[in-house]
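Participant: sequence and predicted structure are below.
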Amino acid sequence: KLSNLIIYYATEISICEILLRFFRDYTEQFIVMLNREQCLGVFHSSAELLKRYSATQCSSRVIQKAAKKTIEADLEEEQSYNDILCAIQLLLNLGAKDFIDTFTTGETKGVESGEVTEVIFYG
């Protein structure tokens, strides 16, 4: 699994961000086309990725407020939180699958709402 790469690179914030971006971009582009089993695989992999990311990065992150605010300081501060933004966008993409499956017609069984909610709130 691709999400297991974070085991080896969890302390490297740049690689964590790359993995989060990959999962975010993948879900943004392909979550609509995936069937139930494929979605569950993506959900479980994303949950593992987010758990390991948050266990390593969220506990060691220190928020510092700059004394003098400039445009450059604001931009630098925003750039330092790109990984968090990617994680939030990944969760939004996963949550959108619940709405997509609610409004699709046909005989195919989509992902149940509880499965999506479990990943978002507990993953």
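Facilitator: Good, I have the coordinates. Fair warning: this is a prediction, and the values are worked out from it, not measured in the lab. Numbers count the residues shown, from 1 in each chain.
Participant: got any ranges where the chain has weak pLDDT?
Facilitator: Counting by pLDDT under 70, the chain shows low-confidence ranges at 1, 60-68, 98-123.
Participant: and the strands in it, which stretches?
Facilitator: Secondary structure of the chain (DSSP state E): no strands located.
Participant: check it for its longest helix and report it.
Facilitator: If you go by DSSP state H, the chain has its longest helix at helix 82-103.
Participant: in that helix, which residues are buried?
Facilitator: Residues of helix 82-103 classed as buried under the neighbour-count rule (16 or more other C-beta atoms under 10 Å) are 83, 84, 86, 87, 89, 90, 91, 93, 94, 97, 98, 101. (Each C-beta comes from the backbone N, C-alpha and C, glycine too.)
Participant: can you list the residues you listed in a markdown table and add distance to residue 22?
Facilitator: As requested, these are arranged in a markdown table below (distance: C-beta to C-beta, whole Å):
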| residue | distance to residue 22 |
| --- | --- |
| 83 | 12 |
| 84 | 16 |
| 86 | 9 |
| 87 | 12 |
| 89 | 12 |
| 90 | 10 |
| 91 | 15 |
| 93 | 12 |
| 94 | 14 |
| 97 | 17 |
| 98 | 22 |
| 101 | 23 |
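Participant: if I look at the closest residue to residue 21 other than its chain neighbours, how far off is residue 13?
Facilitator: Excluding its sequence neighbours, the residue lying closest to residue 21 (C-beta to C-beta, 6 or more residues apart in numbering) is residue 86, at 5.2 Å. The span separating residue 86 from residue 13 equals 11 Å under the rule C-beta to C-beta, to the nearest Å.
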